[in-house]
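Asker: Using only what follows, build the 3D model:
(one chain, ligands or ions: 3)
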Amino acid sequence: MKMLFNPSITMKRILILAIVVLSLLVTVLVYVTGGIQFAYSHAMYVPVIIGAIMFGILGGALSGFLGGLLLGPLMPISVAESSMQDPINWLTRMFFFVLIGIVTGYIVKELKQYFKKRIEYHSHLPDARIPLITRLYEDYENAAPETIENSALIYIKVLNYNNLNDYLGHQAYIKLLGNLFIRLNKALSNQVMIYSKDIQSLIITIRDKHTQKDVVEHIESTLIKPFYLNNIPVHLETVIGAAEYDETIDVTIQHAIKAARSAEHNFFTSVIYHEDLEVNQQRINLGFVLDAIRDDDFYLLFQPQYNTDQTIICLEALIRWNHKNYGNIPPNEFIPLIEQTSLINPLTEWVIKTALKRLHELKQHGHHIKIAINISTKNLYYKDFYANVKAWLEYYEVSSDQIEFEITESTLMHNPKASEMTLHALKDLGVQLSIDDFGTGYSNLSYLSAFSVQKLKIDRSFIAKMSVDASARTIIETAINLASGLNIETVAEGVETSEQLTTLKTMGCHYVQGFYLSKPLAYDDVLMMLNQ
Ligand code: C2E
Ligand code: MG
Ligand code: MG
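Answerer: Ligands and ions are numbered 1, 2, ... in the order given. Below you'll find the predicted structure:
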């Protein structure tokens, strides 16, 4: 197919020679069969049409002219009778040969254009003119095994695709993608091939896998500069995953996507694939979460919060997964994944119910204490959440002021409107709200009063740095002052030394929590501690 449409120079010469030879053979055929009076002259259409197919309108016309000439003035009507043709006779024939050559050439030209467009349409992202991923498969099929083995893939995903699509419109977004393609092609020269995987992502193949890190860095620096659409600067937020070729092209693409996903979760700009990514993924198979809930593979630890007299005032419930195959898995490994699915609802249900059950048991042992429960913002969007909490409190005979919900600052503001109603209803019920990891998230503090927050938990990263970093200390002091001005209590997380404890006390922090005072404990240990 390719050869037919794009013959090389040598091929062209061979084809011209073949057409001439064929025309001569037809001439000989006509002569030896007795002259032009018989129908053999029609065989001349064969080289004429071949000429048109191979060389277009001009080729068709010239082949027609040659054929007409060969069967022209020198070719007798009858060889036996040596009777020659009238000029009008061979000129008319030549006219038809040329006409057929031109018409065939024209049709072939139109067909070629039509097929070219169709091929282009099916092999490129329309309008952005970026080769589609199907081309990548073709290119890999045609490549030598050592070339494939030595290659690597880079996957680039546009994170702000939805925003750009909504605010710029689809056409402009596609144009932007096209500009990205052009810019990357220029920056990375011919060491790479770029394909579009879908409307939101590109795949780049690199010949030398050892250069993947350099190429990733080069891409990152290329993407810093904005793109201009009608003189408006537009920033593409992207995340990049890279992977060396492994087994098959599909496996390699999956690896690069996994690496990009890991970058996205961890707020990196890029990640190069490594096997640990697999281990994590194998450990956390979301398909087993419901079974694990049913089989009681999850359990809660409780970390006490103390007031300045070092009396326990609250227990924070911290979940653990005692996985059947992988043993203990900390929450930071599975909560972020589960939070992305609606599985967070049954899981939080389990956490709340288990915490309430423990509160009930503690009450029977004569301990009236509070439990802080970490919930995900997604729980607040679930329509039955409030009604369920109310029902569970009644069922376990726990008073609503005995529980508080902790929500991380960064996620609370994702969709404040959706959380607002539930948070107000919970507050009216008497359940407290704490802001977890305060200082790591949102800078607009208006939510503190809008959501009637009762406690701020200052993130442990500030506490860890407070003895060596003056700005960390200032942030802690400012947070404590801000909170007390709003009648909000403060908790310092991650207190690990007596020095930190003393400083926090003098700063006016209400409560402390951390390994210095107590690590998260199993329920039995909590009970023993409270009994003492
Ligand atoms: P968090 O709510 O900020 O919990 C405090 C984390 O800090 C706990 O980690 C705790 O073990 C750790 N920690 C406490 N004191 C110290 C200290 O002195 N030094 C250091 N280095 N660490 C300390 P953990 O249990 O691994 O929990 C991590 C995060 O997972 C929690 O952060 C919370 O956001 C989330 N999480 C835990 N349990 C649940 C749950 O039941 N539901 C939800 N949605 N999230 C949970
Ligand atoms: Mg917490
Ligand atoms: Mg925290």
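
Asker: Surely E220 and S270 touch.
Answerer: Yes - if you go by C-beta atoms under 8 Å, E220 and S270 touch, sitting 6.3 Å apart. In this view, the C-beta of every residue, glycine as well, is placed from N, C-alpha and C.

Asker: any shared contact partners between those two?
Answerer: Common neighbours of E220 and S270 are listed as I240 (criterion: C-beta atoms under 8 Å, 6 or more residues apart in numbering).

Asker: okay, the two: which has more neighbours?
Answerer: S270 (21 against 14; other C-beta atoms under 10 Å).

Asker: and the more buried one, what are its bridge partners?
Answerer: Under DSSP bridges, the beta-bridge partners of S270 are I240.

Asker: Can you tell me how far it is from I156?
Answerer: Using C-beta to C-beta, to the nearest Å, one gets 9 Å for the distance from S270 to I156.

Asker: any residues in contact with both of those two?
Answerer: 239-240, 260.

Asker: hmm, what's the outermost residue in this protein?
Answerer: Relative to the average C-alpha location in the chain, and by C-alpha atoms, centre = their mean, no residue lies farther out than E81, which sits at 82.8 Å.

Asker: what about that one, which SS state?
Answerer: With DSSP: H, G, I helix; E, B strand; the rest coil as the basis, E81 sits in coil.

Asker: try F268
Answerer: coil.

Asker: what's the answer for Y516, then?
Answerer: Assignment for Y516 (three-state DSSP): coil.

Asker: Can you verify N322 is assigned to a helix?
Answerer: No - secondary structure of N322 (three-state DSSP): strand, not part of a helix.

Asker: give me the number of residues near it?
Answerer: A count of nearby residues for N322, using other C-beta under 10 Å, gives 14.

Asker: what's across from S434 in the sheet?
Answerer: According to DSSP bridges, beta-bridge pairing links S434 with E406, K455.

Asker: can you give me the mean pLDDT across the helix or strand encompassing L356?
Answerer: Using DSSP states H and E, L356 sits within helix 344-364. Average pLDDT, helix 344-364: 97.

Asker: try stretch 459-474
Answerer: 94.

Asker: Can you lay out the shared contacts of S270 and I156 as a markdown table showing distance to S399 and neighbour count?
Answerer: Output for the shared contacts of S270 and I156, formatted as a markdown table (distance: C-beta to C-beta, whole Å; neighbours: other C-beta atoms under 10 Å):
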| residue | distance to S399 | neighbour count |
| --- | --- | --- |
| V239 | 46 | 22 |
| I240 | 51 | 26 |
| A260 | 47 | 26 |
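
Asker: can you pull the buried residues of the helix holding L356?
Answerer: 344-345, 347-352, 354-359, 362-363 (16 or more other C-beta atoms under 10 Å).

Asker: Please apply the same query to stretch 44-64.
Answerer: Quick answer for stretch 44-64 (16+ other C-beta under 10 Å): 44-57, 59-64.

Asker: In strands only, show me those residues.
Answerer: Per DSSP state E, strands hold no members of the buried residues of stretch 44-64.

Asker: I476 is in contact with F462, isn't it?
Answerer: Yes - using C-beta under 8 Å, I476 is in contact with F462, at 5.3 Å.

Asker: more crowded one of those two?
Answerer: I476 (25 against 22).

Asker: neighbours around F65, how many?
Answerer: By other C-beta under 10 Å, neighbour count at F65 equals 18.

Asker: Roughly how far does it sit from E138?
Answerer: 40 Å.

Asker: Then L91?
Answerer: Taking C-beta to C-beta, one finds L91 at 50 Å from E138.

Asker: just the helices in the stretch 351-500 of the chain please.
Answerer: 377-381, 385-395, 409-412, 416-429, 447-450, 460-465, 470-485, 498-507 (DSSP state H, counting those that start in this stretch).

Asker: whoops, I mixed them up, the stretch 151-300 of the chain
Answerer: So, for the stretch 151-300 of the chain - with DSSP H, counting those that start in this stretch - the helices run 161-168, 170-188, 212-224, 249-265, 276-283, 289-294.

Asker: Select, out of these, the one closest to A143.
Answerer: Of all these, helix 249-265 sits nearest to A143, with 10.1 Å by C-beta to C-beta.

Asker: helices or strands next to that closest one in the packing?
Answerer: helix 133-142, strand 152-158, strand 238-244, strand 270-272, helix 276-283 (3 or more C-beta pairs under 8 Å, 6 or more residues apart in numbering; DSSP states H and E).

Asker: could you dump these to CSV with mean pLDDT?
Answerer: Formatted as CSV, the helices and strands packed on helix 249-265 follow (pLDDT from 0 to 100):
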stretch, mean pLDDT
helix 133-142, 90
strand 152-158, 95
strand 238-244, 95
strand 270-272, 92
helix 276-283, 73
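
Asker: follow-up on the earlier one: I'd like the helices of the stretch 351-500 of the chain laid out as a markdown table, including distance to A144.
Answerer: Shown next, in a markdown table, are the helices of the stretch 351-500 of the chain (distance: least, C-beta to C-beta, whole Å):
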| stretch | distance to A144 |
| --- | --- |
| helix 377-381 | 49 |
| helix 385-395 | 59 |
| helix 409-412 | 49 |
| helix 416-429 | 55 |
| helix 447-450 | 59 |
| helix 460-465 | 51 |
| helix 470-485 | 56 |
| helix 498-507 | 62 |
